[in-house]
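Visitor: dropping the sequence and predicted coords here.
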Amino acid sequence: MYDVIIVGAGPAGLSAALMLGRCRRNVLVCDAGRPRNAASLAMHGYLSRDGIAPLEFLRIARKQLEQYASVAVKEIEVTAAECRGDSGFRVTLADGSELDARKLLIATGVVDKLPEIDGFRELYGRSVFHCPYCDGWEVRDRPLAIYGRGARGRGLSLELIGWSRDLVLCTDGRSEIGHEDLARLQRNGISVRTDPVLRLEGDETFVRIVFARGEPLARRALFFTTGQTQQSPLAELLGCEINEKGTVRTGKYEATHLPGLYVAGDASRAVQWVVVAAAEGAEAAFAINTDLLKEDLL
């Protein structure tokens, strides 16, 4: 019986493991090896680590866990989990084995829905991005494109004004944006192009959008907003509520509706930055250790 099983070895999971290790808790971290930002060349906005390669950041974090003998990291996917009431939680691993823990922390993050457009996946993390807070500075004051429709496309376009005034929203068909919002985009100098997108071309220095009709559009970068899904089905299997953004509704200290179950990181929040995920992992660790202390006191 572990004190805590953590599913996911990203910033949230590793931060929680670090704090729980320092609390002398018996912790197992299980990871399937599919980080959301694996395609990114650099990670930004993390104090003292701005610009570091994401995989290097994770390597350092894991290395620093080695001094805590009560923390183990296992490279294996957790395929199922069940709440066993006062007995805690049981998880099933990809090899069929089962493990028990008093508390369970899900920190598996989300997966971005990439459009099925030739070249999109190849340029993701190079000149195609989903977060202006993460990658907007590097392309500031340059010509940018936005890929999206409806409220998502409109919102991201207006948000990017903070980084550039040369913006074109590409909706890949009908914009699904009302007349008033289209007028607002126009007032702010944002063009809208509804031509179907055939493919993307480019490298880490530019992206060219090729349409089914009309001239291609060359931009320094493209930012997209097409939604996301949970990386793992565990939260839903355990009955957690998924909100309209595709993340888990959590309460104070990343707690869920089930006592002893916590969800931290990108899987549970709207502000999906590495620094925020790490902070949420630490908060969850605090709450978990507090719960365990209360249970252990005579």
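Guide: The structure has been received and is ready for your questions. Residues are numbered from 1 along each chain as shown.

Visitor: would K103 count as being in a strand?
Guide: Yes - judged by DSSP: H, G, I helix; E, B strand; the rest coil, K103 forms part of a strand.

Visitor: residues near it, how many?
Guide: 26 (other C-beta atoms under 10 Å). C-betas here are computed from N, CA, C, even on glycine.

Visitor: which residues of the stretch 1-150 of the chain fall in strands?
Guide: 2-7, 27-31, 71-75, 78-83, 89-93, 98-106, 110-112, 128-129, 144-147 (DSSP state E, counting those that start in this stretch).

Visitor: out of those, nearest to A287?
Guide: A287 lies closest to strand 98-106 among the strands of the stretch 1-150 of the chain, at 9.2 Å (C-beta to C-beta).

Visitor: can you pull the buried residues of that closest one?
Guide: For strand 98-106, a neighbour-count test (16 or more other C-beta atoms under 10 Å) marks 99, 101-106 as buried.

Visitor: for it, name the packing helices and strands.
Guide: strand 2-7, strand 89-93, strand 261-263, helix 274-296 (3 or more C-beta pairs under 8 Å, 6 or more residues apart in numbering; DSSP states H and E).

Visitor: show me the one of these that comes nearest C30.
Guide: Of all the helices and strands packed on strand 98-106, strand 2-7 comes closest under C-beta to C-beta, at 5.5 Å.

Visitor: now the residue nearest to G227 when sequence neighbours are not counted. Its backbone dihedrals?
Guide: Sequence neighbours aside, K113 is the residue nearest to G227 in space, at 4.7 Å (criterion: C-beta to C-beta, 6 or more residues apart in numbering). The phi and psi values for K113, taken as degrees, to the nearest 10, are phi -80, psi 110.

Visitor: can we start the residue count at 10 from this point?
Guide: Taking 10 as the first residue, the last one we looked at is K122.

Visitor: show me what contacts K122?
Guide: K122 sits next to 235-238 when contact means C-beta atoms under 8 Å, 6 or more residues apart in numbering.

Visitor: how much space between it and G255?
Guide: Using C-beta to C-beta, to the nearest Å, K122 is found at 9 Å from G255.

Visitor: need the residues touching each of those two.
Guide: In contact with both K122 and G255: 236-238, using C-beta under 8 Å, 6+ apart.

Visitor: narrow these to those in strands?
Guide: 237-238 (DSSP state E).

Visitor: now the shared contacts of K122 and G255 in JSON lines, please, with extra columns for neighbour count, distance to E84 and pLDDT.
Guide: Below are the shared contacts of K122 and G255 laid out as JSON lines (neighbours: other C-beta atoms under 10 Å; distance: C-beta to C-beta, whole Å; pLDDT from 0 to 100):
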{"residue": "G236", "neighbour count": "14", "distance to E84": "29", "pLDDT": "87"}
{"residue": "Q237", "neighbour count": "19", "distance to E84": "24", "pLDDT": "85"}
{"residue": "T238", "neighbour count": "13", "distance to E84": "23", "pLDDT": "85"}
